[in-house]
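Engineer: Let me see the structure of the following:
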Amino acid sequence: MSIRILVAEDEDIMRITVLDHLRDQGWQVDAATNGTEALELAGKGHYDLMISDIRMPGLDGERLLLEVKQLTPRTEVILMTAHGNTESAVKCLKHGAADYILKPFDLDDLTFRVQRLLNIQAIKIRCVSLENCCGQRQPLLGSSAPMQQLLSLVSQITQTDSTVLIQGESGTGKELVAAAIHYESRRADKPYVRVNCAAIPTELLESELFGHEKGAFTGAEQTSIGKFELADQGTILLDEIGEMPLNLQVKLLRVLQEKEIERVGGKAPRPINVRVLCATARNLAEEVKSGNFREDLYYRLQVIPVYVPPLRERQGDISELSHYFLQQFGRERGLMFTLSSEATEALNAYPFPGNVRELKNILERLTVLAPAPKIQLWDLPVEIRGIQEDLTETGESNLAAAVAAAEKKCIRDALKRTNSNRTEAAEILGISRKNLWEKMKQYELKS
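Structural biologist: Residues are numbered from 1 along each chain as shown. This is a model prediction of the structure:
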């Protein structure tokens, strides 16, 4: 997305000179002849930077500064004046101005100041993304047909700003899909903010998403900017959207429809331009039927539905993923890890109820505990090597049947280990309790 600058100057020659010079640098620049007009333009669209004269009729530069910083806090402001002194400069900087320049000034000096502020702004955006998206971006790997279909869909999605609903079992890589959508989109250089709706207490979630004003509730000692404002001009991922309480679902629907948010305790809505991605391991269609999720919000989120397949549906990718993770852990430990052919076959036969996350965790464990860099069948967890031994004994060759048998065995073993405690068994298997119940029903297993 291109850089947008607003110039507010009542003197015609100065305004046109600055306008033409900045446009020659390749930036998108709008102009206003007074402070009131500038504030109106700032309310209609986001500007990365504003350059304003201090002395203007009506709404002067100092008041305009305060209004714009309240409306769009991340817009940087440079103030111009022909009547400057140290006291007024310090006053403007205290009120939030990023820079202060005295007329007459060299246009190249102005360009330098603008570029410096834009560079600082870019660094701030990267910091916001790093703080909120939890770690380094990981690639989407897989040559199987389901993964190739997913990658093709992602490449199409990146060219739009439509809302996306990403669904799939726990551990399939929904967050990686969301990150790929953002970083391949035209918003890639803008903030990417991730919010786990299940990890934040219900009573704090509204403030976390939309921010709050000072004094809005007990303990609100200062104004706080919410995640939506932090993500302005960029992308927000609402992870575990199925956990969002119904009262907040109503407010999210309004945000999506009106493209504005209202802080807790706020008196006026604030316009935002954010692409919304949502992810969930729940079946939202079923949640709608049971009354746990609003039907209107479900259809509003599902503009573009994305299904991330479980690892058992893309078992051809297990070897590629294993190689990638072993290289990753090997670099950390200064070793080169490999798998024996028997260990590879065993991993390929295992259904991985915890999906890619389970595969990664198992391989990390092996790189720590295995006695040699070449991982053998006997190094694998008993539930995996046991499946390989069973398949060898029975001569099972049908992949779907083998996977089903292996998955049934894993579930039976987990239930046995936990004395039929479904919550603990689901945790061991890396799936939700509801998912475990569905699989027990499918395989006719009793507690």
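Engineer: and stretch 207-219, how far apart are its ends?
Structural biologist: End-to-end span of stretch 207-219 (CA to CA, to the nearest Å): 12 Å.
Engineer: cool, and stretch 156-168?
Structural biologist: End to end - CA to CA - stretch 156-168 spans 19 Å.
Engineer: I'd like the average pLDDT over that stretch.
Structural biologist: Regarding stretch 156-168, the rounded mean pLDDT is 92.
Engineer: Pull out the buried positions in that stretch.
Structural biologist: Ile157, Thr158, Val164, Leu165, Ile166, Gln167, Gly168 (16 or more other CB atoms under 10 Å). Backbone N, C-alpha and C define where each C-beta goes, glycine included.
Engineer: now for the host helix or strand of the fourth one, which elements pack on it?
Structural biologist: Per DSSP states H and E, Leu165 falls inside strand 164-167. Packed against strand 164-167 by the contact rule (3 or more CB pairs under 8 Å, 6 or more residues apart in numbering; DSSP states H and E) you find helix 174-183, strand 275-280, strand 304-307.
Engineer: nearest to Gly61, of the ones you listed?
Structural biologist: Among the helices and strands packed on strand 164-167, the nearest to Gly61 by CB to CB is strand 275-280 (32.9 Å).
Engineer: Count the neighbours of Phe352 for me.
Structural biologist: When counting by other CB atoms under 10 Å, one arrives at 26 neighbours for Phe352.
Engineer: What's the separation between Glu260 and Leu64?
Structural biologist: Separation of Glu260 from Leu64 (CB to CB, to the nearest Å): 21 Å.
Engineer: no no, Leu248
Structural biologist: With CB to CB as the criterion, Leu248 and Leu64 are 34 Å apart.
Engineer: Quick check on the two: which one has the bigger neighbour count.
Structural biologist: Neighbours per residue (other CB under 10 Å) separate Leu248 from Leu64, with Leu64 holding more: 26 against 16.
Engineer: Can I get stretch 322-333 in PDB, CA atoms only?
Structural biologist: Written as PDB, here are the backbone C-alpha positions of stretch 322-333 (Å, rounded to 0.1, in the frame of the first residue of the first chain):
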ATOM      1  CA  SER A 322      10.100 -34.300   9.100                       C
ATOM      2  CA  HIS A 323      13.100 -33.300   7.000                       C
ATOM      3  CA  TYR A 324      12.400 -29.600   7.600                       C
ATOM      4  CA  PHE A 325      11.900 -30.000  11.400                       C
ATOM      5  CA  LEU A 326      15.000 -32.200  11.800                       C
ATOM      6  CA  GLN A 327      17.100 -29.600   9.900                       C
ATOM      7  CA  GLN A 328      15.700 -26.900  12.100                       C
ATOM      8  CA  PHE A 329      16.500 -28.700  15.400                       C
ATOM      9  CA  GLY A 330      19.800 -29.800  14.000                       C
ATOM     10  CA  ARG A 331      20.900 -26.200  13.400                       C
ATOM     11  CA  GLU A 332      20.000 -25.400  17.000                       C
ATOM     12  CA  ARG A 333      22.100 -28.300  18.300                       C
END
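Engineer: Mind listing what's buried along that stretch?
Structural biologist: Buried residues in stretch 322-333 (16+ other CB under 10 Å): Ser322, His323, Tyr324, Phe325, Leu326, Phe329.
Engineer: is it possible to export these to TSV including distance to Leu429, pLDDT and secondary structure?
Structural biologist: Output for the buried residues of stretch 322-333, formatted as TSV (distance: CB to CB, whole Å; pLDDT from 0 to 100; DSSP: H, G, I helix; E, B strand; the rest coil):
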residue	distance to Leu429	pLDDT	secondary structure
Ser322	20	94	helix
His323	25	94	helix
Tyr324	23	94	helix
Phe325	20	94	helix
Leu326	23	94	helix
Phe329	23	92	helix
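Engineer: Can you redo those residues as JSON lines, where the extra columns are distance to Ala179?
Structural biologist: Listed next are the buried residues of stretch 322-333 as JSON lines, based on distance: CB to CB, whole Å:
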{"residue": "Ser322", "distance to Ala179": "22"}
{"residue": "His323", "distance to Ala179": "21"}
{"residue": "Tyr324", "distance to Ala179": "16"}
{"residue": "Phe325", "distance to Ala179": "18"}
{"residue": "Leu326", "distance to Ala179": "22"}
{"residue": "Phe329", "distance to Ala179": "21"}
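Engineer: ok, Arg63 - how many residues close by?
Structural biologist: Arg63 sits with 16 neighbouring residues when counted by other CB under 10 Å.
Engineer: Spatially nearest residue to it (excluding sequence neighbours)?
Structural biologist: Gly35 (6.7 Å; CB to CB, 6 or more residues apart in numbering).
Engineer: Relative to Pro269, how far out is the one you found?
Structural biologist: 22 Å.
Engineer: what does Ser432 give?
Structural biologist: According to CB to CB, Ser432 and Pro269 sit 36 Å apart.
Engineer: Likewise for Leu176?
Structural biologist: Counting by CB to CB - Leu176 and Pro269 are separated by 33 Å.
Engineer: With neighbour numbers in mind, choose between these two.
Structural biologist: Remark: of Leu176 and Pro269, Leu176 carries more neighbours, 18 against 14, as counted by other CB under 10 Å.
Engineer: Can you give the distance from the strand holding Leu165 to the centre of its chain?
Structural biologist: 12 Å (CA atoms, centre = their mean, to the nearest Å).
Engineer: Restrict that strand to CA atoms and write it as CSV.
Structural biologist: The C-alpha coordinates for strand 164-167 follow below in CSV (Å, rounded to 0.1, in the frame of the first residue of the first chain):
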residue,chain,number,x,y,z
VAL,A,164,-11.3,-15.1,5.7
LEU,A,165,-12.5,-17.9,8.0
ILE,A,166,-9.8,-20.5,8.4
GLN,A,167,-11.0,-23.8,9.9
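Engineer: Paired strands for that strand, with orientation please.
Structural biologist: strand 275-280 (parallel), strand 304-307 (parallel) (DSSP bridges).
Engineer: Give me every residue in contact with it, excluding its own residues.
Structural biologist: By CB atoms under 8 Å, 6 or more residues apart in numbering, the residues outside strand 164-167 that reach it are 157, 174, 177-178, 181, 241, 276-281, 283-284, 301-308.
Engineer: Give me the below-cutoff pLDDT ranges for the stretch 201-350 of the chain.
Structural biologist: For the stretch 201-350 of the chain, applying pLDDT under 70 flags no range at all.
Engineer: circling back to that earlier point, show me just the buried residues among the contacts of strand 164-167.
Structural biologist: 157, 174, 177-178, 181, 241, 276-281, 283-284, 301-302, 304, 306-308.
Engineer: For Thr111, which non-adjacent residue is closest in space?
Structural biologist: Gln25 (6.0 Å).
Engineer: What's the local residue count around the one you found?
Structural biologist: 14.
Engineer: State the distance from the closest residue to Gly211 other than its chain neighbours to Ile166.
Structural biologist: Using CB to CB, 6+ apart and skipping residues adjacent in sequence, the residue nearest Gly211 is Gly226, 3.2 Å away. As judged by CB to CB, Gly226 and Ile166 stand 22 Å apart.
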